[in-house]
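Peer 1: need coordinates for the below:
(chains A and B)
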Amino acid sequence: MKIGLVLPEAPQYSETFFKYKIRNLIEAGFEVTVFSNKPGDNSDEIKCKIKNAYPVYEESKFKQLFFVPVILFRTFLLNYKKSKILYELERSDGNSFSESMKSVYINSHILSEKIDRLHFGFMTMTLKRENVAKAIDAEMSVSFRGYDINVYPLKNPGCYDKAWKKIDKVHTISDYLRDKAVKSGLPENVPFEKITPAIDLRQFSLKSEPGKINKKLNLLTVGRLNWIKDYETAISVVGKLKNKGIEVTYNIAGSGSELERLTFCAYQLGLEKDVIFHGKKSHSEINVMMENADIYLQTSMQEGFCGSVLEAQAKGLLCVVSDADGLKENVIDEKTGWISERRNPSAFADKIEMIINMPEEKRKEIALNARKRIEADFNLEDQRDRFIKFFKS
Amino acid sequence: MKVAVYSGNIPSTTFIENLIKGLENNGIDILLFGKSKGNVNYGKNVKVYATPVSQLPLVLFIIRNSLILLMKDAGKFFKAYMSVRKKNKSTGAFVKNLGMILPILIHKHDIFHIQWAKTVSQNPELFELLDSKIILSLRGAHINYSPLTDKKLSDAYRKYFPEIDGYHAVSEAIKKETVKYGASEDKIKVIYSSVNKDLLKLNSEKDPRVKTFEIISIGRFHWKKGYHYALDTMKILKDKKVDFRYTIIAQGKVPEEILFLINEYDLHDEVNIIPGMKFDDLIKRLIRSDMLILPSVEEGIANVVLESMAAGVPVVTTDCGGMNEAVEDKVNGYIVRIREPELMADKILDYISRDDESGYKIVKNAKATIENKFSPERQIKEFADLYNTILSK
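Peer 2: Model prediction:
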């Protein structure tokens, strides 16, 4: 069986998730081709065929006028039948001649391949590619992730209306993302599989003395400095804890566009010595940070699922997370961690204070529960098998 | 007395343009330097030496001004040339910078008044090359948060602030912040901005038949404006079943975060976003509202609050920057701790529950504050005093 994966770019060195997924599929006997939007060829590294989309030449009208017709002509010449079907599908969707031709152009690298299942790594990747799977007589499947479903449609209302009706199968990382998609137009009867992120349990081994809390509380969050993670709330939590007389250091591992905003927030609340921005850290460095931390904090406004919270639970860290939909599936309240109201620093601080005052035995029990649940439900082997099943069926 | 007002652009922002006109009317000779950004119309006391933006006029401008400076003071020309060359790596940046510096060195002035603190780090050679006294205006972000994450900027502040002859601070709060970078306190004079007196003649024009409580915020989209906190407040009002509408008038693209929260809190019916509009239309819109709120986490002193107070629209502001130098809680408006949406909701509810008379008292007091503390005459007189003091030293 031949699988085509449509991705923004071929998985780079650091992107273990897609690389691992591709390797598993190949080992399970699938033939995999990656369709990438960006130029570049690291097919040796990821051990599969890579086909890049033709450039759109946005910067040069001259190049556009010259190259686009040449490539279009070539595409029609070599893949006449498939190109014609795609063109006609686009026309029957109500697109103009030039829009339909544009679609043939941007999909020409896919039209030349024989594929049984065309899988889009992100919902946003289906935009302007809604008809290509049908044109090459392949099944169309999609992975749902947080940003795709939670944020992108807010800026582009109705952007997936066309795609919803054409999808044959869905992979979602959480139940609520699929529910949300159904609410915005995905037909209820489209089969779906929930496959959450998984954890390499050897890499994230149980920390020593799970449940123990140091005299000076060591709080940790790992993740990009992005508005959706709502670090302002997290920093305010530190302020509230300090006001309660609790000594605390808050370590943040991650980089991003919000550094100025967050540095100012910490400074303004008089926490410049208590909140430390470490920048982006490697997997092994994060492992060490988790080893030293007492409580893992995730205040996000929304999450698809959140791999870092899984890693923290695998380490046996005490996790306090917001009631963002994805996190409610990730942590079981008072069993494997604690869930607190979004954008409410006082509620988070109260919860953390309660955890500090709890008997260590009770905390240890929760930390071990978390570890056990990750071992049972979020291990890489199960995830691999589910993906293979997803593509086979 | 000849004063050079330097903001980098001609014309500049509204409040700097108002300052120029006020000083001019007071008989002070003004010289303007900076990039030519549009047409201007000043009286005969204002001399404009704008640097052209497009390439050919810029090159001709540089040749002409280079020759003039060479004739006047060859040593200064070479010094300027060398330092600008050394600082700018690309030819384009070098040419632009040279075009900016030359007229400043050719035309004589007694005081060089820099409007934005970042100029200190961008053009440090001015300290060596200028014979006139240097005054720096201290406003908002350039002091309050930019230097927190920009080490080059904070280093430049620490190096050059001690060399500055005098400062104008827009608030006591920003004065305090500037001292941290080595500026001596006795050189800083707080001069509050002024409000157009015509606004004092205005009164609320809210249609009495409209029962919905109309709340408004005005100001560009930027994290420091705290609109995400305002939306938290609106959610609280909605939960309390208050009949309200919240209008944000803001230039620029609506940030993802704002779209997300409106959607998350289901505030589509209550929140209305309008792109920026002309000042006169803005004021018309303002006086049709019941209340203006300023949810910012950082400001110098927000002019929009002063204008609202002048025009008879009650305000609720956060206690950021110098806001508490204008607003006294429950006397001439309301003031709440930053980052506390619940407290802001309480203040709004407090005002709603007041009878007409006690509500009117707040409005009356607000107008009196503006008249006494933020009048154009007072502002211009204080600037003239500042210039005279510096020159007499």
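
Peer 1: okay, the residue of chain B most remote from its centre: pLDDT?
Peer 2: Distance from the C-alpha centroid of chain B, by Cα atoms, centre = their mean, peaks at B:M71 (38.9 Å). B:M71 carries a pLDDT score of 95 in this model.

Peer 1: any residues touching the strand or helix carrying it, and which ones?
Peer 2: Here B:M71, judged by DSSP states H and E, is contained in helix B:55-72. Applying Cβ atoms under 8 Å, 6 or more residues apart in numbering or on different chains, the contact partners of helix B:55-72 are B:51-52, B:76-77, B:80, B:95-96, B:98-99, B:102-103, B:105-106. (Each C-beta comes from the backbone N, C-alpha and C, glycine too.)

Peer 1: likewise stretch A:63-74?
Peer 2: Taking Cβ under 8 Å, 6+ apart as the rule, stretch A:63-74 contacts A:54-58, A:101, A:104-105, A:108.

Peer 1: so which bits of chain B are right by chain A?
Peer 2: Counting by Cβ under 8 Å from any Cβ of the partner chain, chain B comes close to chain A at B:144-146, B:148-149, B:223-224, B:228, B:232, B:255-257, B:259-261, B:263-264, B:297-298, B:338-339.

Peer 1: where along chain A do the strands fall?
Peer 2: Applying DSSP state E to chain A gives strands spanning A:2-7, A:31-36, A:49-52, A:117-120, A:139-144, A:169-172, A:192-194, A:217-222, A:248-253, A:275-279, A:295-298, A:318-322, A:338-340.

Peer 1: ok, of these, where does mean pLDDT dip lowest?
Peer 2: Across those, strand A:49-52 gives the lowest mean pLDDT, at a mean of 90.

Peer 1: give the buried residues for that one.
Peer 2: A:50-52 (16 or more other Cβ atoms under 10 Å in any protein chain shown).

Peer 1: what do you get for stretch B:269-287?
Peer 2: Residues B:270-271, B:282-283, B:285-287 are the ones in stretch B:269-287 that count as buried (16+ other Cβ under 10 Å).

Peer 1: next one: that stretch to chain centre, how far?
Peer 2: Computed by Cα atoms, centre = their mean, to the nearest Å, the separation of stretch B:269-287 from the middle of its chain amounts to 20 Å.

Peer 1: ok, residues contacting that stretch?
Peer 2: The contact list for stretch B:269-287 (Cβ under 8 Å, 6+ apart) reads B:14, B:199, B:202-206, B:216, B:218, B:220, B:231, B:234, B:238, B:244-252, B:254, B:258, B:262, B:292, B:307-308, B:311-313.

Peer 1: ends of that stretch, how far apart?
Peer 2: End-to-end span of stretch B:269-287 (Cα to Cα, to the nearest Å): 22 Å.

Peer 1: take the buried residues of stretch B:269-287 and keep only those in strands.
Peer 2: Per DSSP E, the buried residues of stretch B:269-287 map to strands at B:V271.

Peer 1: using PDB, list the CA coordinates for the lowest-mean-pLDDT helix or strand in chain A.
Peer 2: None of the helices or strands of chain A scores lower by mean pLDDT, DSSP states H and E than helix A:43-46, at a mean of 70. What follows is helix A:43-46, C-alpha atoms only, in PDB (Å, rounded to 0.1, in the frame of the first residue of the first chain):
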ATOM      1  CA  SER A  43      15.300  11.700   1.700                       C
ATOM      2  CA  ASP A  44      18.500   9.800   2.800                       C
ATOM      3  CA  GLU A  45      17.900  10.800   6.400                       C
ATOM      4  CA  ILE A  46      14.200  10.000   6.600                       C
END
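
Peer 1: how about that helix: buried residues?
Peer 2: Buried residues in helix A:43-46 (16+ other Cβ under 10 Å): A:I46.

Peer 1: stretch A:345-358 now?
Peer 2: Buried residues in stretch A:345-358, counted by 16+ other Cβ under 10 Å: A:345, A:347-353, A:355-356.

Peer 1: with stretch B:190-199 instead?
Peer 2: By neighbour count on 16+ other Cβ under 10 Å, the buried set for stretch B:190-199 is B:190-196, B:199.

Peer 1: please report the distance of whichever residue of the stretch 51-200 of chain A sits closest to chain B from A:I167.
Peer 2: Going by Cβ to the nearest Cβ, chain B is nearest to A:L154 of the stretch 51-200 of chain A, at 4.1 Å. Distance, A:L154 to A:I167, by Cβ to Cβ, to the nearest Å: 21 Å.

Peer 1: between the two, tell me which one has more neighbours.
Peer 2: A:I167 (23 against 18; other Cβ atoms under 10 Å in any protein chain shown).

Peer 1: from B:V120, how far out is the residue of chain A most remote from its centre?
Peer 2: Outermost residue of chain A with respect to the C-alpha centroid, by Cα atoms, centre = their mean, is A:L77; its distance is 38.5 Å. Noted for A:L77: a distance of 63 Å to B:V120, by Cβ to Cβ.

Peer 1: just A:G304 next, same as before
Peer 2: Counting by Cβ to Cβ, the gap from A:G304 to B:V120 is 45 Å.

Peer 1: and the two? Which one has more around it.
Peer 2: Under the criterion of other Cβ under 10 Å, the comparison of A:G304 against B:V120 puts A:G304 first, with 26 against 23.

Peer 1: ok, for that one, nearest residue in space, not its chain neighbours?
Peer 2: A:G146 (2.8 Å; Cβ to Cβ, 6 or more residues apart in numbering or on different chains).

Peer 1: do the same with B:F161
Peer 2: Spatial nearest neighbour of B:F161, chain neighbours left out: B:A183 (4.4 Å); criterion: Cβ to Cβ, 6+ apart.

Peer 1: and the one you found, that's in a strand?
Peer 2: No: using DSSP: H, G, I helix; E, B strand; the rest coil, the secondary structure at B:A183 is coil, not a strand.

Peer 1: buried ones in the stretch of helix or strand B:N365 belongs to?
Peer 2: Assigned by DSSP H and E, B:N365 falls within helix B:356-373. Applying a neighbour-count criterion of 16+ other Cβ under 10 Å, the buried positions in helix B:356-373 are B:359, B:362-363, B:365-367, B:369-370.

Peer 1: mind giving me the packing neighbours of the helix or strand following it?
Peer 2: Going down the chain from helix B:356-373, the next helix or strand is helix B:376-392, by DSSP H and E. Using 3 or more Cβ pairs under 8 Å, 6 or more residues apart in numbering or on different chains; DSSP states H and E, the elements in contact with helix B:376-392 are helix B:14-25, strand B:111-114, strand B:133-138, strand B:166-169, strand B:188-190.

Peer 1: sheet partners, orientation included, of the second one?
Peer 2: Read that as strand B:111-114. Applying DSSP bridges, strand B:111-114 is found paired with strand B:2-10 (parallel), strand B:133-138 (parallel).
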